[in-house]
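Chemist: I would like the atomic coordinates for the input below:
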Amino acid sequence: MKRSEINAHIARAAADFARVGIALPPFAAWGPADWAEAGEAVRDLVETGCGWDVTDFGSGDFARRGLLLFTARNGRPDGAGRSGNRPYAEKIMIARRDQLTPMHRHVEKTEDIICRASLDPGATLGIKLFMAAPDGGIDTAAEVTAHLDGRAHRLAPGTVVNLPPGASVTLFPGTFHAFWGADGDVVIGEVSSVNDDATDNYFAEPLDRFSTIEEDAPIVRPLVNDRRLP
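Modeler: Predicted coordinates for the structure are as follows:
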């Protein structure tokens, strides 16, 4: 992805979040100099991957295959039981119309995925569900138990659930899922156990979780994988 495109996607997302009344933490507006000045005081934010994340999953086509995320809070995967460690994470995301987050599962993370708002009239969050097979791949025969706002539903494998604003699905480890904006753009919330994007994303096909960036413009808002502390 080009840095200029990433900058534009973040600016558009920030405006969309504001339009539906979602206020982001102050560090959402920080540029490179702000992060550098904060330094050691924000080590926890840096090391737990809080902030902006824009990916095209290595597709080269963000509009078709991509996702914009902002991680507002997160803990450390190795910090269970450690004083001061958060055992939870929270993200806010935008899926554009027909923009696919590819099929994947988690081994450790349990998550609620919530349709927070429609940015277009009638838009919903489309999510397709499968169970994982014993070998870790997709089980195309196994029934899926989908927990929709606290109620368990038994669904055929590959069922697509459309979540209107306010609705959610709870995904336990081993549930494959892919999602997109159906009939328009949607704002998505994620509340979960600790999120580890480095090691706990298992995609149904080989792809890159983080994009290679062409630096054709200055960084306006650093991504989570731009920032480093000594």
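
Chemist: residue closest to the middle of this structure?
Modeler: The residue lying closest to the centre of the chain (Cα atoms, centre = their mean) is L69, at 4.9 Å.

Chemist: from E215, how far out is that one?
Modeler: 21 Å (Cβ to Cβ, to the nearest Å). Yep, even glycine has a C-beta here, placed from its N, CA and C like the rest.

Chemist: please name every helix or strand in contact with the host helix or strand of E90.
Modeler: Secondary structure assignment for E90, by DSSP states H and E: strand 88-95. When contacts are defined as 3 or more Cβ pairs under 8 Å, 6 or more residues apart in numbering; DSSP states H and E, strand 88-95 sits against helix 3-19, strand 67-73, strand 175-182, strand 186-193.

Chemist: in this structure, which spans are helices?
Modeler: Listed in chain order, the helices of the chain (DSSP state H) span 3-19, 32-38, 43-47.

Chemist: just give the number of residues close to P121.
Modeler: Using other Cβ atoms under 10 Å, P121 is surrounded by 7 other residues.

Chemist: next, format the helices and strands packed on strand 88-95 as a markdown table and append distance to A142.
Modeler: A markdown table is the format used below for the helices and strands packed on strand 88-95 (distance: least, Cβ to Cβ, whole Å):
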| stretch | distance to A142 |
| --- | --- |
| helix 3-19 | 36 |
| strand 67-73 | 26 |
| strand 175-182 | 10 |
| strand 186-193 | 23 |
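
Chemist: please produce a markdown table containing these, extended by distance to A141 and mean pLDDT.
Modeler: Below are these laid out as a markdown table (distance: least, Cβ to Cβ, whole Å; pLDDT from 0 to 100):
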| stretch | distance to A141 | mean pLDDT |
| --- | --- | --- |
| helix 3-19 | 38 | 98 |
| strand 67-73 | 29 | 98 |
| strand 175-182 | 13 | 98 |
| strand 186-193 | 28 | 98 |
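
Chemist: still on that earlier bit, in contact with the residue nearest to the centre of the chain, which residues?
Modeler: The contact partners of L69, taken as Cβ atoms under 8 Å, 6 or more residues apart in numbering, are 52-55, 91-93.

Chemist: farthest pair in these?
Modeler: When Cβ to Cβ is used, the two most widely separated members of the contacts of L69 are T55 and I92, lying 15.2 Å apart.
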